[in-house]
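1. Okay, predicted coordinates and the sequence, questions at the end:
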Amino acid sequence: MGHGRVKTSFLEMCLVKDSLAVGIFGELEKVFETHKIPFENCVGLSVDNASVNVGRFNSLKVLMKKKNPDLFTLGYPCHLIHNAANAAGKAFCGETGFNVEDLCIDTFYHFEYSSKRKGLLLEFNQFRDIDSRNILKHISTRWLSLMNSVDRILQQ
């Protein structure tokens, strides 16, 4: 182990019996002790945005900051990005009347249960000399699926 280096890696997967902040923190504290990592060496915490993790009062963030007041904390950035993209999509729909998510869902179901439509799409793609691929289903709770669905529609 060298000094003066920043190292990132998957340290350990611990199971918690108590899903309150105190229980989660207790397990995290055990991991730090096992690996002889002082809390002062932990510079950042990024966790899901649940109040048990980043709430103002009795949260993992609060307990961690008691051990290291200089700790930088950030909620889960992917959720923040998703929320921003979702708001942009709603604003776009409000201005244009066009909902990208609805397009993806409607396109999927247009082809999903119709062998005739799938056949026509296959025939069209053969005419264009491209590989025919299934239209992907967008699931609104799986926000990463939207880009894949849009890309696939554009390819086909």
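-> Alright, I've got the coordinates.
2. How is the protein divided into domains?
-> 21-75, 79-155 (automatic domain parsing).
3. Would you check how far apart the residue lying farthest from the centre of the chain and residue 133 are?
-> The outermost residue of the chain relative to its centre, with distances by Cα atoms, centre = their mean, is residue 127 at 38.0 Å. To residue 133, residue 127 is 15 Å away according to Cβ to Cβ, to the nearest Å. The C-beta positions use only the backbone N, C-alpha and C, and glycine is treated the same way.
4. ditto for residue 71
-> In terms of Cβ to Cβ, residue 71 sits 46 Å off from residue 133.
5. who has more neighbours, the two?
-> Using other Cβ atoms under 10 Å, the more surrounded residue of residue 71 and residue 133 is residue 71, with 16 against 11.
6. Assess the claim that the more buried one and residue 44 are in contact.
-> Yes. Assessed by Cβ atoms under 8 Å, residue 71 is found in contact with residue 44 at 6.8 Å.
7. got any residues that touch both of those two?
-> Common neighbours of residue 71 and residue 44 (criterion: Cβ atoms under 8 Å, 6 or more residues apart in numbering): none identified.
8. Centre of the chain to the longest helix anywhere in the chain, how far?
-> Ranked by residue count, the top helix of the chain under DSSP state H comes out as helix 77-96. Here the centre of helix 77-96 is set off from its chain's centre by 14 Å, with Cα atoms, centre = their mean, to the nearest Å.
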